[in-house]
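> A predicted structure for the sequence below; I have some questions about it.
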Amino acid sequence: DHLAESGNVIYLGVVKFPAKAADPLPDPLVVTLGEAGASTIGTAPFLLHMPWFEEINNDRDIIFFDQRGAEATAPSLPCTGYGEARRQALASGRFAEDAAVLTAGAIAGCAAEAASKGWDLNHFNSLQNAADVYEIRRAMGYDLINFYGDSYGTTLGQHLMRDYPEILRSVTLDGIDPLANNRGLDAGPNNQAALDAFITACAADAACSQLYPDLETTITDLYQALQDNAAIVSAIDYQSGQTTELPLDGDMMASILFEKMANAANFPALLQGVQAAVSGDTTYFTDNLGTTLDMAGVDALAHFAVICAEDAGFTLADARLEDVSPLAANYGFIEVSQVLAICEQLDLTPLTEFASNPVVSDLPLLLFSGSLDPRTPPAELGLMLPDLSGASSFVVPNGAHGQLLSGGECVAGIFSQFLNDPAAEPDGSCLQEGAAAFSVLEGGQTAIPKGSGETGSEADNEAVCTATSPGGV
């Protein structure tokens with residue numbers, strides 16, 4: 001606890017990639033990726049071969065660290081019972097009704113185990129994570145740092161800007177979740193808007209609309225068919241590696257659908273998977289069932305410790321599930337009711353209201369958003385942009401959640417410009433080129449959407465999809 005004079009010590013995993021130049025620049029790039037509780041260090045094998053990584057690493061040290069509670073820390077705070085509880089809820093045939101109660105019980109058990117070892121979950125939150133970044137910088141002998149945050153990393157970046165502006169040369173936030181936002185509020189309309197945008201992007205593209213002429217009806221009919229008659233599938237348990245028989249209902253299909261919509265590299269296989277499932281081939285959803293149930297790659301107890309301290313201040317009514325489609329409403333109900341039940345069990349001290357106020361800053365700031373991002377849509381930027389006088393904001397046409405990690409040359413070029421001269425407005429004109437949502441490869445397969453990091457060949461696309469999937473699946 002950075003506010004205490006003594007107490008338990010947390011050990012953080014930190015990986016340094018030294019600059020290749022003989023006389024490197026003094027300010028490193030510090031990177032944190034993924035959701036709360038996710039391991040940034042675990043993504044290293046993927047990022048090492050990205051052109052922007054190699055370019056920046058020529059002149060700058062690059063630092064990866066795992067936020068407290070994530071995999072490469074001591075203690076790490078996983079909760080294998082979380083995935084087991086979700087499997088139990090699905091197996092019962094009452095996934096939407098049972099998931100919240102069962103997962104809350106599992107997380108409560110893991111929290112009790114952590115408490116028995118002397119770990120107070122009230123110390124696993126964004127304020128402590130921001131203080132950790134300050135200490136990492138100090139311990140490694142740097143004066144200023146350049147911070148890049150993706151997804152939850154954008155939350156952490158905003159806390160850094162407010163609490164430790166003196167250590168920041170520049171900040172890049174990718175897939176931005178404003179501090180003033182709460183993911184539980186308006187979950188129903190937000191889910192519906194994300195689904196509608198995805199469908200509209202396909203309909204607006206000649207190739208995609210030809211392959212999937214009525215995507216909205218296809219998805220809706222598939223959802224209802226699986227709700228009425230769940231498919232029995234053999235799913236791999238991400239934790240144990242064992243295979244079990246589980247029902248794939250419409251609500252579980254929707255959970256996989258929304259998860260995969262968050263990565264533009266998934267769009268081709270997702271569309272093909274939906275089309276195949278209509279004909280009874282649920283292979284795509286079966287293959288992704290285990291990782292969705294288990295929240296693969298995220299230490300669940302650490303994840304909910306952060307969420308419950310920062311974003312638990314809402315009710316089910318605030319989610320506004322009544323005026324959207326059954327698919328969007330039920331998916332929202334599952335996600336929101338689970339968070340509410342878990343946070344009630346954890347009963348953590350919420351961060352002060354000050355921690356949710358928009359950051360006021362003139363620091364050099366680069367913002368990336370994707371026009372099709374289902375998690376952090378660019379419409380939410382209005383909650384923070386007015387208070388950020390040093391911000392350059394770019395919305396990537398048909399990008400999903402997180403732009404730099406897609407590997408696109410345009411976004412990488414903007415990022416490099418900004419790091420080289422944070423005070424100058426980067427040239428983002430390349431984002432207007434090739435803005436079609438979907439293109440078609442030979443053989444009728446849909447390619448990665450333009451503008452969101454297409455790599456130009458089927459082999460490259462496969463490499464991207466493999467590297468970004470847990471376990472290389």
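In hand now; what should we look at?
> Now do the buried residues in the helix or strand encompassing residue 291.
Assigned by DSSP states H and E, residue 291 belongs to helix 283-294. Buried positions in helix 283-294, judged by neighbour count with 16 or more other CB atoms under 10 Å: 284, 285, 286, 287, 288, 289, 290, 291, 292, 293, 294. For glycine as for every other residue, the C-beta is placed from the backbone atoms N, C-alpha and C.
> thought the first one was touching residue 271?
Meaning residue 284. No. Using CB atoms under 8 Å, residue 284 makes no contact with residue 271, being 9.6 Å away.
> re earlier: contact partners of the helix holding residue 291?
Helix 283-294 has contacts (CB atoms under 8 Å, 6 or more residues apart in numbering) with 82-83, 86-87, 90, 233-239, 246, 248, 252-253, 255-256, 259-260, 269-270, 272-274, 276-277, 296-297, 469-471, 473.
> In helices, which of these fall?
82-83, 86-87, 90, 252-253, 255-256, 259-260, 269-270, 272-274, 276-277 (DSSP state H).
> buried subset of those residues?
Among these, those scoring as buried are 82-83, 86-87, 90, 252-253, 255-256, 259-260, 269-270, 272-274, 277 (criterion: 16+ other CB under 10 Å).
> what would the buried residues of helix 283-294 look like in a markdown table with distance to residue 344 and pLDDT?
Output for those, formatted as a markdown table (distance: CB to CB, whole Å; pLDDT from 0 to 100):
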| residue | distance to residue 344 | pLDDT |
| --- | --- | --- |
| 284 | 35 | 96 |
| 285 | 31 | 96 |
| 286 | 33 | 94 |
| 287 | 34 | 93 |
| 288 | 29 | 93 |
| 289 | 27 | 93 |
| 290 | 27 | 89 |
| 291 | 27 | 88 |
| 292 | 24 | 91 |
| 293 | 22 | 92 |
| 294 | 22 | 89 |
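> What's the per-residue pLDDT of the closest residue to residue 282 other than its chain neighbours here?
Excluding the flanking residues, the one nearest residue 282 by CB to CB, 6 or more residues apart in numbering is residue 231, at 4.9 Å. Turning to residue 231, the model gives it a pLDDT of 96.
> And for residue 418?
Looking at residue 418, the pLDDT reads 98.
> So it lies in a helix, does it not?
Yes. According to DSSP: H, G, I helix; E, B strand; the rest coil, residue 418 belongs to a helix.
> Tell me the spacing between it and residue 262.
According to CB to CB, to the nearest Å, residue 418 and residue 262 sit 24 Å apart.
> When those two are compared, which one has more neighbours?
residue 418 (22 against 19; other CB atoms under 10 Å).
> what's near enough to touch the spatially closest residue to that one that is not a sequence neighbour?
Nearest non-adjacent residue to residue 418, counting by CB to CB, 6+ apart: residue 366, 4.5 Å away. Listed by CB under 8 Å, 6+ apart, the contact partners of residue 366 are 170, 171, 172, 173, 391, 392, 394, 414, 415, 418, 422, 426.
> show me where pLDDT drops low in the stretch 351-473 of the chain?
The model of the stretch 351-473 of the chain has pLDDT under 70 over residues 407, 433-473.
> if we go to 90?
Judged by pLDDT under 90, the stretch 351-473 of the chain has its weakly predicted residues at 353-354, 398, 405-408, 432-473.
> Could I get the full set of strands for it?
Secondary structure of the stretch 351-473 of the chain by DSSP state E, counting those that start in this stretch: the strands cover 365-370, 391-396.
> The stretch 1-150 of the chain too?
Under DSSP E, counting those that start in this stretch, the stretch 1-150 of the chain gives strands at 11-12, 14-17, 29-32, 62-65, 73-74, 145-150.
> The ones you listed into a markdown table, with extra columns for mean pLDDT, distance to residue 187 and mean neighbour count?
Shown next, in a markdown table, are the strands of the stretch 1-150 of the chain (pLDDT from 0 to 100; distance: least, CB to CB, whole Å; neighbours: other CB atoms under 10 Å):
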| stretch | mean pLDDT | distance to residue 187 | mean neighbour count |
| --- | --- | --- | --- |
| strand 11-12 | 96 | 32 | 15 |
| strand 14-17 | 96 | 35 | 16 |
| strand 29-32 | 97 | 25 | 26 |
| strand 62-65 | 97 | 31 | 22 |
| strand 73-74 | 97 | 30 | 17 |
| strand 145-150 | 98 | 22 | 26 |
